[in-house]
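# I would like to see how this sequence folds:
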Amino acid sequence: MSLPRIRKDFKSIGRTTPNAIEFIDFDGKGYWVPRSICTLIKEKRDMVIATLAAFKFEEITGVEVEPLTTTFASLGGEVLPHHRTNCPIIDSKTTTYKPGQLRCIESAIKSRYMALLCDAGTGKTFMSCTVAYSRWRSGLVQNIVVLCPSSLQEQWKELSKEYFPDIEIDVFSIHSASYEKSLERIKDAYRNKAGVTQLIVDESHLCKNQSAKRSRNIEKSFNADYCMVLTGFPIERNAGDLFYQFGIMSREILGFENYGQFQKSFLLLGGDDGEQVVAYQNTKELAARINPYIVRLTKKEVEPNLPEKHYHEIYFDMSENQMKAYQAINGLIASYGFLPKNKQYQLGTFSQKLASGYTPTDEEINAVFGNLGKLGEGADNVARIGAVSFDANNNRIKALQNLLSDKPHQFIIWCNYTDEIHAIAELLPNAGIINGERDLKQRDKLINDFKEGELQYIIISIAINEGFNLQCCYNEVFYSDNYSRTKAENAADRCHRIGQDRTVNIYKLIARNSLDERIKKVRERKTKICNIFNENND
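Okay, here's the model as predicted:
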């Protein structure tokens with residue numbers, strides 16, 4: 001597999017020629033590197049930052065470069081001695097264990113810390129409840145605390161009582177773990193608990209970002225002697241996503257006190273700005289540290305006869321004005337060469353909105369792109385894109401109409417933007433809406449109506465992708481999509497989970513020559529990167 005250029009820091013530049021650069025390393029040794037295989041990013045005081053082709057990086061540093069698709073599966077390692085623990089497993093008297101679940105429980109109960117990195121629908125809630133309840137009844141822990149998305153709070157309370165009627169748990173929203181007042185209330189309630197606590201962090205991938213307040217607050221504020229993290233999608237971008245998820249359990253697992261140390265040991269940086277993770281090093285060492293703390297269970301292991309899910313792509317063309325604005329964005333990016341990240345995000349959002357059916361007038365296009373001067377002026381103009389409105393008669397919605405016209409079945413329709421949701425609801429009278437405007441009671445009623453067949457369609461914001469069990473349906477449409485593999489796969493698995501008895505068909509609407517096609521390619525690349533815990537990752 002070809003690797004992108006990898007960042008290397010040098011002390012200085014010695015000499016240059018039209019075809020090569022002599023880099024002086026910190027030990028005084030010089031390296032002549034052809035310009036064709038290196039890029040000079042920037043020069044700092046007493047340091048030069050460049051990116052080199054992988055083979056040249058290995059030659060200079062002696063570091064073996066490993067691709068992002070390197071598998072971390074089955075590479076040995078043992079739980080640290082003082083993390084080992086055990087107690088009898090107390091089975092649920094109300095719920096039957098499925099194949100593979102008891103094996104995972106037996107592994108999880110032997111360590112104070114465990115990551116249940118299991119597919120959606122395999123029973124992470126059930127398995128973690130069994131471990132926590134067994135420890136509680138055995139006297140190892142006196143408290144069971146769950147941190148989860150707010151949309152899952154009631155589900156946790158109901159399911160835990162269903163599995164173990166006498167269980168006692170406290171459920172807090174993971175979304176509240178910010179610098180808001182609610183965090184202080186949760187922290188106070190947590191600190192006031194007497195005795196040993198079993199902590200369960202559900203959807204732990206929400207804590208993967210080392211720069212997010214949520215990640216830092218949960219790790220710092222909710223230390224526990226026993227901890228499990230649960231997710232089906234531990235990796236979104238690269239192995240750096242694992243740092244805080246394992247740090248929530250114990251920094252001893254990874255062996256580093258901060259992300260910078262972890263990054264220097266295992267992640268190699270590169271890309272246009274030298275700050276992107278482009279490859280790994282020392283993956284066997286990292287795997288040996290984390291694999292003893294991982295439980296894996298796939299849907300196929302739990303239900304070998306689970307029907308497949310098939311993806312279908314439906315292409316359409318943007319309107320003339322959408323394409324004109326889209327080309328203007330590309331022209332803007334090309335003319336500046338480099339834009340700050342906040343402006344890249346602005347332009348990316350605008351591009352996606354255009355591809356999703358937002359149609360600017362000529363006046364709006366001119367207002368945004370017509371008088372670009374310096375970058376600052378251009379950024380000010382780009383900030384005015386809020387005036388662009390959604391056209392309910394666009395080609396994307398026509399593609400959806402054509403798809404649904406000859407299919408009398410139930411459909412789940414996933415969307416990114418509120419205007420899309422309401423426009424589709426007007427088009428489909430027998431539809432329910434689930435987005436941030438609905439409270440939990442309204443949401444649960446709509447889900448039940450859909451399950452009972454009283455609604456043919458349910459339209460859901462892709463941001464709300466956890467906690468639904470919708471095996472009654474086997475057709476899904478991504479009206480619009482985004483770069484997050486986690487959100488998309490989590491959404492698709494609302495139907496494709498244990499209990500489904502039909503092949504699940506997932507349709508994606510894609511605007512030609514648009515960001516949709518780029519998202520498709522990025523997601524395909526992410527899928528390969530994110531499968532590092534699979535045995536056969538090629």
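# how deep is S461 tucked in, by neighbour count?
Neighbours of S461 under the rule other C-beta atoms under 10 Å: 20. (C-beta placed from N, C-alpha, C; glycine too.)
# pLDDT score assigned to it?
With respect to pLDDT, S461 has a value of 91.
# now it: how far from D188?
Going from S461 to D188 by C-beta to C-beta, to the nearest Å gives 32 Å.
# before we move on, what about V504?
Separation of V504 from D188 (C-beta to C-beta) stands at 44 Å.
# of these two, who's got more company?
Neighbours were counted for V504 and for D188 using other C-beta under 10 Å; V504 has more, 22 against 9.
# what mean pLDDT does stretch 140-154 get?
Mean per-residue pLDDT for stretch 140-154: 90.
# what strands flank the stretch of helix or strand I314 belongs to, and is each parallel or antiparallel?
Using DSSP states H and E, I314 sits in strand 309-316. Within its sheet, and counting by DSSP bridges, strand 309-316 is paired with strand 504-511 (parallel).
# what mean pLDDT does the partner strand get?
Taken as a whole, strand 504-511 has a mean pLDDT of 96.
# name the residues that touch that strand?
307-318, 355-356, 395-396, 399-400, 403, 474-481, 492, 495-496, 516-517, 520 (C-beta atoms under 8 Å, 6 or more residues apart in numbering).
# now stretch 269-287
Taking C-beta under 8 Å, 6+ apart as the rule, stretch 269-287 contacts 3-7, 41-42, 49, 51, 54, 63-68, 70, 72-73, 75-77, 237-240, 254, 263, 265-268.
# picking up where we left off before, would you mind listing which of the contacts of strand 504-511 are buried?
Among these, those scoring as buried are 309, 316, 318, 355-356, 395-396, 399-400, 403, 474-481, 492, 495-496, 516 (criterion: 16 or more other C-beta atoms under 10 Å).
# just those residues: which are in strands?
Among the buried ones among the contacts of strand 504-511, the residues falling in strands (DSSP state E) are K309, F316, N475, E476, V477, F478.
# and of these, the nearest to Q344?
Of all these, F478 has the smallest distance to Q344: 23.3 Å, by C-beta to C-beta.
# buried set for stretch 140-154?
For stretch 140-154, by 16+ other C-beta under 10 Å, it's 140-141, 143-153.
# OK, contacts around A115?
The contact partners of A115, by C-beta under 8 Å, 6+ apart, come to 204, 228-231, 234, 245-246, 249, 290, 293-295.
# hmm, try it at 10 Å
The contact partners of A115, by C-beta atoms under 10 Å, 6 or more residues apart in numbering, come to 108, 201, 204, 227-231, 234, 242, 245-246, 248-249, 253, 290-291, 293-296, 533.
# for it, give the beta-bridge partners.
Beta-bridge partners for A115, by DSSP bridges, are V229, I294.
# pLDDT score assigned to it?
pLDDT recorded at A115 is 96.
# and after whichever strand or helix holds M127, which helix or strand comes next?
Per DSSP H and E: M127 is located in helix 124-138. As assigned by DSSP H and E, the chain's next helix or strand after helix 124-138 is strand 143-148.
# so how far is that next one off the chain centroid?
Mean C-alpha position of strand 143-148 versus that of the full chain (C-alpha atoms, centre = their mean, to the nearest Å) differs by 22 Å.
# same check on stretch 38-54?
Stretch 38-54 has its C-alpha centroid displaced from the chain centroid by 31 Å (C-alpha atoms, centre = their mean).
# do stretch 353-365 as well
29 Å.
# please save the CA atoms from it in CSV.
Below are the C-alpha coordinates for stretch 353-365, written out as CSV (Å, rounded to 0.1, in the frame of the first residue of the first chain):
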residue,chain,number,x,y,z
LYS,A,353,-25.9,22.1,1.4
LEU,A,354,-25.8,23.0,-2.3
ALA,A,355,-25.5,19.3,-3.2
SER,A,356,-28.4,18.5,-0.8
GLY,A,357,-30.9,20.8,-2.5
TYR,A,358,-30.1,24.3,-1.3
THR,A,359,-30.3,26.7,-4.3
PRO,A,360,-28.8,30.2,-4.2
THR,A,361,-30.2,32.9,-6.5
ASP,A,362,-27.8,34.8,-8.8
GLU,A,363,-27.9,37.7,-6.3
GLU,A,364,-26.8,35.4,-3.4
ILE,A,365,-24.0,33.9,-5.5
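# and it, average pLDDT?
pLDDT averaged over stretch 353-365 gives 82.
# list the buried residues of that stretch.
K353, L354, A355, S356, G357, Y358, T359, P360, E364.
# and what of stretch 52-65?
Of all the residues in stretch 52-65, those buried under the rule 16+ other C-beta under 10 Å are L52, A53, A54, K56, F57, E58, I60, V63, V65.
# likewise stretch 222-240?
222, 224, 226-240.
# ok, now stretch 95-109?
Neighbour counts over stretch 95-109 (16+ other C-beta under 10 Å) mark T95, Y97, K98, G100, Q101, C104, I105, S107, A108, I109 as buried.
# which ones among those lie within helices?
Q101, C104, I105, S107, A108 (DSSP state H).
# thinking again about what came up before, the ones in strands among the buried ones among the contacts of strand 504-511 into a markdown table, with extra columns for pLDDT and distance to Q344?
Formatted as a markdown table, these follow (pLDDT from 0 to 100; distance: C-beta to C-beta, whole Å):
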| residue | pLDDT | distance to Q344 |
| --- | --- | --- |
| K309 | 92 | 33 |
| F316 | 95 | 26 |
| N475 | 96 | 35 |
| E476 | 96 | 30 |
| V477 | 96 | 29 |
| F478 | 96 | 23 |
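# farthest pair within the residues you listed?
Greatest spatial distance among those (C-beta to C-beta): K309 and F316, at 22.8 Å.
# so C227 touches V146, yeah?
No: look at C227 against V146 with C-beta atoms under 10 Å: they stay out of range, at 11.2 Å.
# so for these two, which residues contact both of them?
Common neighbours of C227 and V146 (criterion: C-beta under 10 Å, 6+ apart): Q198, L199, I200, V201.
# kindly supply the PyMOL command isolating those of those that are buried.
To isolate in PyMOL the members of the shared contacts of C227 and V146 that are buried, counting by 16+ other C-beta under 10 Å, one can use:
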select buried, resi 198+199+200+201
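# so which pair among the shared contacts of C227 and V146 is furthest apart in space?
Spanning the widest gap among the shared contacts of C227 and V146 are Q198 and V201, at 11.2 Å by C-beta to C-beta.
# got any residues that touch both of these two?
Common neighbours of Q198 and V201 (C-beta under 10 Å, 6+ apart) are S128, V145, V146, A224, C227, M228.
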